[in-house]
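> Need the 3D shape of this:
(2 chains)
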Amino acid sequence: MDYRLKIDEEVIALQAEKKKDGSMVLSHAGRTYEIEYTMVSEYHQHLVVDGCPLNVFIARDGNTRMVVIRGVPYYIADADAGDSRSRGKKRDQVIPQEVTPPMPAVVVRILVSAGDSVKQGDGVIVVSSMKMETTLAAPANGKVKAVNVTEGDKVMPGQILIDIDRDAEPPNQ
Amino acid sequence: MYTCREMGISTVAVYSEADRKAVHVLRADQSVFLGDSDPAESYLNIDKIIAAAKQTGAEAIHPGYGFLAENPLFAERCESERLVFIGPPSKVIRELGDKTVARRTVMGSGVAVIPGMNKPESDTRVLAGEAEKIGYPVLIKAAAGGGGKGMRVVTSPGDFNEACASATSEAKRAFSDGSIYLEKYLSRPRHIEFQIVADRQGNVVHLFERECSIQRRHQKIIEETPSPIMTPELRERMGKAAVAVAKASGYVNAGTVEFLVDQDKKFYFLEVNTRLQVEHPITEMTTGLDIVRIQLEVACGNPLPVRQEDVRGRGHAIECRIYAEDPEKGFYPSPGRIIYMEEPSGPGIRNDCGIYSGFQVPVEYDPILSKLIVYAEDRSQAIKRMIQALESYIILGVKTPVHFLIDVLKSEAFIKGDTSTDFIDTHFCGWKPDRCYADAACAAYIIDELNPAVKPKAATGQAGTEMSPWQTLGLWGR
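Modelled structure (predicted):
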């Protein structure tokens, strides 16, 4: 069976063939692996990859699965399934006029007002989460179109705190 | 709490809305709800905490290592309410807590301090003038500071005003005191601190050093003892200085005297932390002493159970702090629900852990999840043991720096002991993990897809009220 998986923002194509119970053959980029597996628990698989044993931990988080091997996390999703988070990221890349917090936060100080000209990298707003203050910077040169929040507001990732330039989409929560 | 239980002392925990299911609440003999998650309504609210103590008949209060732990008003209130505050007298906290007063006290005892201001200032113009006098780069610090809160390095005058404003507001919210002052920013120093314990009879003993140079955002993430650069001669001199500082301030109970050590091994007094520190377990590992027990003994008025010549350090201990944060994105906090976790175990491994499977990491507080501590015969063994422990520490559901810490411990610079407070910026700027098991991870994903049968079984096996993890994903899932 063919799979297209998105692993850490990279899409890769793999073929997997399930053999007798407890084993499969996986091919990716010209390499083929013989994998025996045991489901130790819902979150724990014991794999033997080409004879090499590996403990793998896995949990589902939305459409993404978090996989941990030897302490290193991998975030894997079906590349063709809709995922709200990846859409959000894409939008940020395509239209870099918005300032949005990377995580739930509280607005501490607003450093610009509507009509101000800003340069890429200028600090425009300071937010705080888990007691840590961070200054969010203007993603591009332009003019501040609107400040959508006031000091003390609780804000979420994806919420547009400050519109810069034109063409900004309405706030999407 | 473990120590209290061993000593036959009952414990009362206090908690806020966000911490209803926190580990300290679940383990205490009794617990009292304080109020809203906002610290001002709960953990920083002196009246509510005193009322909780009275209501439960508590005789003493251990302030831990955050919030009111270094607040002299709180200690004073305990004194006037006839509750034992497990820490130094309020007068000592006040004097040492104001970092500028502490600097003046220490200068009087003959120990070197970092060049800088000796009183706090709020006028930005005066501060800017001082900055010119000291010479850039300068370090803005909160007079009431600790834990890196309200601290900013400024390299050029252009950034000075915004840095002052942001340091002031961060300090105000963390310590309810926004005053700041300036110090010269030393390049590539080591952070080395001495644990001290003092009794009411005037005895002061130091329990050797801890090196805490590996920091991000001025917050320690890896601590070890002994320091890789320590020599018996330097330890003797720094230990004496630490004891002198404690004596000059009239110190009682456990505290930490922090120093910066420059590349010529010259040491400068940084500050005194008038409380138990997050990293105290490594000292307990190498000295075999229970510092919390000493705190309780001293608070009861008993003399110190050890003399300086009785204190012996053996082997090497390392602590790694595990925060809910993303080391690939500037250590940004990563709150969420712990879907599943497995703690490392084995000889010489201790995990002081505040989370469990199903625990929701609150957005409201510092995102520390646990402290992993290892002990071994020597430094290289301890490093290997820590790497092994980290590799078997499984936390699913939030981002953690576990893989980052593994790479730091494996790095040549760390193994050589070439550590300074700019270690992460120097050696790990723009760090990305080596994702060498990506194919195996994809295999695990596919196996998980192909074997859904396991899941319903596990989910229905739980009690009726228990929701399956993906129904309660929290912030990320929605």
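
> okay, CA-based contacts and neighbour counts for the rest of this
Noted.

> B:I93 contacts B:N71, doesn't it?
Yes - using C-alpha atoms under 8 Å, B:I93 makes contact with B:N71 at a distance of 7.0 Å.

> Of these two, which one has the most company?
Shown here are B:I93 and B:N71; by other C-alpha atoms under 10 Å in any protein chain shown, B:I93 has more neighbours (25 against 21).

> Who are the contact partners of that one?
B:E70, B:N71, B:P72, B:T274 (C-alpha atoms under 8 Å, 6 or more residues apart in numbering or on different chains).

> mind listing what's buried in the helix or strand hosting it?
Using DSSP states H and E, B:I93 falls within helix B:90-97. Within helix B:90-97, the residues scored as buried using 16 or more other C-alpha atoms under 10 Å in any protein chain shown are B:S90, B:K91, B:V92, B:I93, B:R94, B:E95, B:L96, B:G97.

> Could you pull up the mean pLDDT of that helix?
On average, the pLDDT along helix B:90-97 is 91.

> Tell me which other helices or strands the helix or strand just after it touches.
Sequence-wise, the next helix or strand downstream of helix B:90-97 (DSSP H and E) is helix B:99-108. In terms of contacts (3 or more C-alpha pairs under 8 Å, 6 or more residues apart in numbering or on different chains; DSSP states H and E), helix B:99-108 is packed against helix B:90-97, helix B:232-249, strand B:267-273.

> can you tell me which of these comes nearest to A:H44?
A:H44 sits nearest to strand B:267-273 of all those, at 42.2 Å, using C-alpha to C-alpha.

> the bottom helix or strand of chain A by mean pLDDT?
In chain A, no helix or strand scores lower on mean pLDDT, DSSP states H and E than helix A:84-94, which sits at a mean of 41.

> Contacts only, for the nearest residue to A:G22 once chain neighbours are set aside.
Spatial nearest neighbour of A:G22, excluding adjacent residues (C-alpha to C-alpha, 6 or more residues apart in numbering or on different chains): A:Y37 at 5.2 Å. Counting by C-alpha under 8 Å, 6+ apart, A:Y37 makes contact with A:G22, A:S23, A:Q45, A:H46, A:L47, A:V48.

> Is it possible to get JSON lines of the residues you listed that adds neighbour count and distance to B:A389?
As requested, those are arranged in JSON lines below (neighbours: other C-alpha atoms under 10 Å in any protein chain shown; distance: C-alpha to C-alpha, whole Å):
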{"residue": "A:G22", "neighbour count": "13", "distance to B:A389": "29"}
{"residue": "A:S23", "neighbour count": "18", "distance to B:A389": "29"}
{"residue": "A:Q45", "neighbour count": "19", "distance to B:A389": "19"}
{"residue": "A:H46", "neighbour count": "17", "distance to B:A389": "18"}
{"residue": "A:L47", "neighbour count": "24", "distance to B:A389": "20"}
{"residue": "A:V48", "neighbour count": "18", "distance to B:A389": "22"}
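
> List the ones among those residues that fall in strands.
Using DSSP state E, the subset of those located in strands is A:S23, A:Q45, A:H46, A:L47, A:V48.

> of these, list those near chain B.
Residues of the ones in strands among the contacts of A:Y37 in contact with chain B (C-alpha under 8 Å from any C-alpha of the partner chain): A:Q45.

> Export the ones in strands among the contacts of A:Y37 as a markdown table, with columns for pLDDT.
As requested, the ones in strands among the contacts of A:Y37 are exported to a markdown table (pLDDT from 0 to 100):
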| residue | pLDDT |
| --- | --- |
| A:S23 | 89 |
| A:Q45 | 95 |
| A:H46 | 95 |
| A:L47 | 95 |
| A:V48 | 95 |
